[in-house]
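A.B. asks: return atomic coordinates for the entry below.
(2 chains)
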Amino acid sequence: MTTALEVASAVRDPELPVLTLADLGVLRDVSEEDGRVVVTITPTYSGCPAIDEMGADLRRSLKSAGYSEVEVRLSLSPAWTTDWISAEGRSKLAAAGIAPPARIGPSVAGPVPLNLVPPSRQVACPQCGSPNTSEISRFGSTACKALRRCNACAEPFEHVKEI
Amino acid sequence: MSFDNAYESLLGHEDSHWAFGTGFSEALSGVNREFPVGVDREDIVAYCLMLGDDALIFSQRLSEWCSRAPELEEDIALANIALDLLGQARMLLTRAGEVLGKSEDDLAYLRDERDFRNVHLAEIDCGPGPGGDFGTTIARLLVFSSWRLALFSRLRGSADPVLAAVAEKGLKELAYHRDHAAQWTVRLGDGTDESHRRMQAGLERVWPFVDELFATHAVEARLTGVAVDPASLKSEVDGVLEAVLAAGGLSRPADTRAARVAGMAGRDGVHTEAMGFLLAEMQHLHRSLPGAVW
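C.D. replies: This next block holds a predicted model:
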């Protein structure tokens, strides 16, 4: 029998199916208590509509692997950050044509800085590799992605935006 | 594969993969929900409704722009912002509902106007219909997100674990919302004569509702260490708004205050004329078909 952790780690994200929940960093804990599996996940954004499906997928996968009692818990703190996307997850995103987020490091204390112009980030085009890209919209097809275009090869692409 | 049914072809005969009909889970399952010692739970409920209703009602207003915004990207942006706020609202209403013995849906869909505790700024009609304009909606988003961001940055230190966690999570989202509104404000203010005129008109329209944001309510005053006193946010928010308006060549409207009823406003359940229409649209499906899911 595969361990509960292995089963839960292999479940894919419903909106970014190239990533597993472990790659995305939303799988926070898997433990077994009295023959019951308790899985803790955290939402990427407060309104992430995929969170219910993640729970349903985890329950289904664990049950078909032989774990009859599964509880999925939600954790909000510490809040998810794109820094939790694993190195492997970043490579998988890039291979799928989605630019991975830059690392932002721990949040600093004090007032949140106001950006009157979009911050100029060096996001390389996942198609041709050119660093010459620009943001079309900060908000894309899912809460966690922005839409960009490459000024060299003219391809539009998605970018998992830093949070 | 049969293509008679579009969903059937998408599913590939394996519908367990899809979320249709899985329903909503508990928004707070697994989160530490102990109440701080020595605090009146009714006050925490009232406070969760205040902050939750602000997010729910403004989310409804932003959703009205979907397919009506000036460009496709903006439809998506406003819908994304609405979704973040809806998520914040769900957690806060779930917290309140646990004490009241109600679900988040009961609170969203089955309360009457007088039971909503949102500020007037969240509910007024700023478009896309004849009640407003894109510039007005951006003005409201700028004021609302600047204020809520300042509030949430302090609420992270709340003695209530749920409020602190909701604030920590929401803060990052609000930073994106505020940047989006600030960048549009500058772009419109510093654009053509027409865009400048409409952005300034939007600011004039929402400004009478700014005063209420900083008025301390009795519930907030009683919840020392749990709630944030909104009066303490004024200088930070003023500073942000000043910086944005200056960058867009816009002027700060004169401080006026929208009329109140016997000194009461949204936090007391006294709402503007727009609120009844908003609730009718938001609630009618659930009230007509109780328990409807899809």
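
A.B. asks: what about the strands in chain A?
C.D. replies: A:27-33, A:36-41, A:70-74, A:98-99, A:133-137, A:145-150, A:156-160 (DSSP state E).

A.B. asks: out of the ones you listed, flag the one nearest residue B:254.
C.D. replies: Judged by C-beta to C-beta, the one of these that comes nearest to residue B:254 is strand A:133-137, at 34.7 Å. For the C-beta atoms, the positions are set from N, CA and C on the backbone; glycine is no exception.

A.B. asks: among the strands of chain A, which is nearest chain B?
C.D. replies: strand A:70-74 (2.5 Å; C-beta to the nearest C-beta).

A.B. asks: is that closest one anywhere near chain B?
C.D. replies: Yes - applying C-beta under 8 Å from any C-beta of the partner chain, one finds strand A:70-74 in contact with chain B at A:72, A:73, A:74.

A.B. asks: sheet-wise, list the partners of that strand with their directions.
C.D. replies: strand A:36-41 (parallel) (DSSP bridges).

A.B. asks: and for the strand it pairs with, what's in contact with it?
C.D. replies: With contacts defined as C-beta atoms under 8 Å, 6 or more residues apart in numbering or on different chains, strand A:36-41 is touched by A:4, A:8, A:21, A:26-32, A:51, A:54-55, A:58, A:62, A:67, A:69-75, B:30.

A.B. asks: so how far is residue B:275 from the residue in chain A sticking out farthest from the centre?
C.D. replies: Computed with C-alpha atoms, centre = their mean, the residue of chain A farthest from its C-alpha average is residue A:34, at 30.6 Å. From residue A:34 across to residue B:275, the span is 50 Å (C-beta to C-beta, to the nearest Å).

A.B. asks: repeat that for residue B:248.
C.D. replies: Distance, residue B:248 to residue B:275, by C-beta to C-beta: 30 Å.

A.B. asks: these two - which one has more neighbours?
C.D. replies: residue B:248 (25 against 22; other C-beta atoms under 10 Å in any protein chain shown).

A.B. asks: do stretch B:277-294 and chain A meet?
C.D. replies: No - with C-beta under 8 Å from any C-beta as the criterion, chain A is not reached by stretch B:277-294; the gap is at least 11.8 Å.

A.B. asks: which stretches of chain A have low pLDDT?
C.D. replies: Scanning chain A for pLDDT under 70 picks out A:1.

A.B. asks: let's go with 90 and repeat that
C.D. replies: A:1-2, A:15, A:32-35, A:47-52, A:74, A:76-77, A:104-113, A:117-122, A:135-144 (pLDDT under 90).

A.B. asks: centre-most residue in it?
C.D. replies: residue A:24 (3.7 Å).

A.B. asks: repeat that for chain B.
C.D. replies: residue B:55 (2.3 Å).

A.B. asks: helix or strand right after the host helix or strand of that one?
C.D. replies: Following DSSP states H and E, one finds residue B:55 within helix B:41-63. Counting by DSSP H and E, the next helix or strand C-terminal to helix B:41-63 is helix B:72-100.

A.B. asks: that next one near chain A anywhere?
C.D. replies: Yes - contact of helix B:72-100 with chain A (C-beta under 8 Å from any C-beta) involves B:73-74, B:76-77, B:79-81, B:83-88, B:90-91.

A.B. asks: most neighbours, which of these?
C.D. replies: Highest neighbour count within the residues of helix B:72-100 next to chain A: residue B:85, with 31 neighbours (other C-beta under 10 Å).

A.B. asks: who's in contact with that residue?
C.D. replies: Going by C-beta under 8 Å, 6+ apart, residue B:85 touches A:47, B:55, B:56, B:58, B:59, B:62.

A.B. asks: quick check, pLDDT for it.
C.D. replies: Confidence at residue B:85, expressed as pLDDT, is 97.

A.B. asks: over to the one 5 residues further on?
C.D. replies: Residue B:90 carries a pLDDT value of 94.

A.B. asks: for it, give its distance to residue B:111.
C.D. replies: 15 Å.

A.B. asks: state the mean pLDDT of the helix or strand encompassing residue B:237.
C.D. replies: Per DSSP H and E: residue B:237 is located in helix B:234-247. What helix B:234-247 shows for mean pLDDT is 97.

A.B. asks: please name the nearest non-neighbouring residue to residue B:96.
C.D. replies: The shortest distance from residue B:96 to any non-neighbouring residue, by C-beta to C-beta, 6 or more residues apart in numbering or on different chains, is to residue B:48 (4.0 Å).

A.B. asks: which residues sit in contact with that neighbour?
C.D. replies: B:92, B:93, B:95, B:96, B:162, B:163 are the contacts of residue B:48 under C-beta under 8 Å, 6+ apart.

A.B. asks: and if we set it to 7 Å?
C.D. replies: Listed by C-beta atoms under 7 Å, 6 or more residues apart in numbering or on different chains, the contact partners of residue B:48 are B:92, B:95, B:96.

A.B. asks: any idea how far residue A:28 is from residue B:156?
C.D. replies: 19 Å.

A.B. asks: residue A:115 too?
C.D. replies: Residue A:115 is 21 Å from residue B:156, where distance means C-beta to C-beta.

A.B. asks: who has more neighbours, these two?
C.D. replies: Using other C-beta under 10 Å as the criterion, residue A:115 and residue B:156 rank with residue B:156 on top: 18 against 14.

A.B. asks: tell me if I'm right that that one and residue B:166 touch.
C.D. replies: No - counting by C-beta atoms under 7 Å, residue B:156 does not reach residue B:166; the two are 9.5 Å apart.

A.B. asks: would you confirm that residue A:86 contacts residue A:21?
C.D. replies: No - using C-beta under 7 Å, residue A:86 is not in contact with residue A:21, being 11.0 Å away.

A.B. asks: who's more crowded, those two?
C.D. replies: residue A:21 (22 against 14).

A.B. asks: who are the contact partners of the more buried one?
C.D. replies: A:11, A:13, A:27, A:41, A:54.
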